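[1] Model the structure of this input:
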Amino acid sequence: MKSAAVVNFAPEKGSVEIREVDVPTIGLGEVLVEVANVGVCGSDLHQWTADHSWPVNYPVVLGHEFGGHIVAVGPGVEGWAEGDRVVSETAAVISPNNPMSRRGLYNLDPTRKGFGYGVNGAMTRYVRVPSRILHEVPAQVPFEEACLTEPCCVAYNAVVRNARIEPGDRVVVLGPGTIGILCAAMARLCGAEVAMVGLPQDAARLEIARQYGCEVIMGDAREWARQRDGLGCDGVIDAAGASVTLQLALELVRPAGWISKVGWGPQPLGFNLDPLVQKNITLQGSFSHHWTIWERVIAMLASGQLNVRPIIGGVWPITEWQSAFEKMHRGEVVKAVLRPV
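    Okay, the predicted model is just below:
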């Protein structure tokens, strides 16, 4: 049996198309998940436009933000059964003996391979998943929201684990995409005053950030950052996909402040990093997530503490993937969700 899949088949720009793929065969410790919904990530767009900075195992089925039902259980799997509602982490392949994996930080295992670039992802009807990265989805969380657990975990890691927010802090978020808006939402939950910064073409997405209680700024955020005592904001979350925004972050943050960088940008920096030293700034990179973060985020979604509905711009059948990609690429929607057919 075959099913339709969104496949990135070559490194050239635009090398994405619908192809018929075989249903995966599961092995030891694996389950087969029938995908209910899969989110479109900015990284999927970057592979489509060929401006990504990570190796891709072509051809590969795109998609790593997904949830669905278990339809088959392989040998050696314990605690899971057919019919279970699940979401999956992205670390499809890791080395259990790697020092980072032994510490529980398998997201930082250099041999790690993720869905949608290293192994086949979930923009299709069925996906093979190691049971070690499954999480149960409570019945009250619909799959079109549950499939956004992954970007919520990226934001949680960048804001809750890798920044040092205290209630009353003033935090600037650069880049009003999915991750930026979710980072802003997390910072608000931590008790910070938050300004979301974008450009005029980001107007629609900035309005969604306003729904999370953010101040919205188009362009220059220096006045807002220095409003309290003239020194700058307490922290900056750089969620933009351009390296140059780090220069802006260095300018906005106060002495002894912090920057959490979660946005990818393959361009060279091309500017002086002396302010990082002179202002005694803490610069923290943030990549991916791990088990405990997923459990926290699912609890937040289930309780209603974190609401992802405002960022969902629509649900498209997988056969209309290009329309969904284009709407996200143009900034018409923050997050597009696909539905296998």
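[2] could you pull out the helices for the stretch 101-250 of the chain?
    143-146, 149-156, 178-189, 203-210, 222-225, 245-252 (DSSP state H, counting those that start in this stretch).
[3] closest to residue 332 out of those helices?
    Residue 332 lies closest to helix 203-210 among the helices of the stretch 101-250 of the chain, at 6.9 Å (CB to CB). No exception for glycine: its C-beta is placed from N, CA and C like everyone else's.
[4] How far off centre is the closest one?
    Relative to its chain's centre, helix 203-210 lies at 18 Å (CA atoms, centre = their mean, to the nearest Å).
[5] circling back: want to throw the helices of the stretch 101-250 of the chain into JSON lines with mean neighbour count?
    Output for those, formatted as JSON lines (neighbours: other CB atoms under 10 Å):
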{"stretch": "helix 143-146", "mean neighbour count": "23"}
{"stretch": "helix 149-156", "mean neighbour count": "27"}
{"stretch": "helix 178-189", "mean neighbour count": "27"}
{"stretch": "helix 203-210", "mean neighbour count": "18"}
{"stretch": "helix 222-225", "mean neighbour count": "16"}
{"stretch": "helix 245-252", "mean neighbour count": "20"}
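[6] Any idea which of these gets closest to residue 196?
    Across the helices of the stretch 101-250 of the chain, residue 196 has its closest neighbour in helix 203-210 (3.9 Å, CB to CB).
[7] for that closest one, packing partners?
    helix 178-189, strand 193-198, strand 215-218 (3 or more CB pairs under 8 Å, 6 or more residues apart in numbering; DSSP states H and E).
[8] what mean pLDDT would you report for that helix?
    Helix 203-210 comes out with an average pLDDT of 96.
[9] repeat for stretch 334-341
    95.
[10] one step back: may I see the helices and strands packed on helix 203-210 arranged in TSV, with distance to residue 112 and mean pLDDT as well?
    Formatted as TSV, these follow (distance: least, CB to CB, whole Å; pLDDT from 0 to 100):
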stretch	distance to residue 112	mean pLDDT
helix 178-189	19	98
strand 193-198	31	98
strand 215-218	36	98
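[11] mind checking which of the ones you listed is nearest residue 322?
    When the helices and strands packed on helix 203-210 are ranked by proximity to residue 322 (CB to CB), helix 178-189 comes first, at 18.8 Å.
[12] now the angle from that closest one to helix 149-156?
    Inter-element angle recorded for helix 178-189 and helix 149-156: 60 degrees (by axes from the mean of the first three to the mean of the last three CA atoms, to 10 degrees).
[13] Tell me the spacing between the nearest residue to residue 299 once chain neighbours are set aside and residue 273.
    Using CB to CB, 6 or more residues apart in numbering and skipping residues adjacent in sequence, the residue nearest residue 299 is residue 305, 8.0 Å away. Computed as CB to CB, to the nearest Å, the residue 305 to residue 273 distance reads 37 Å.
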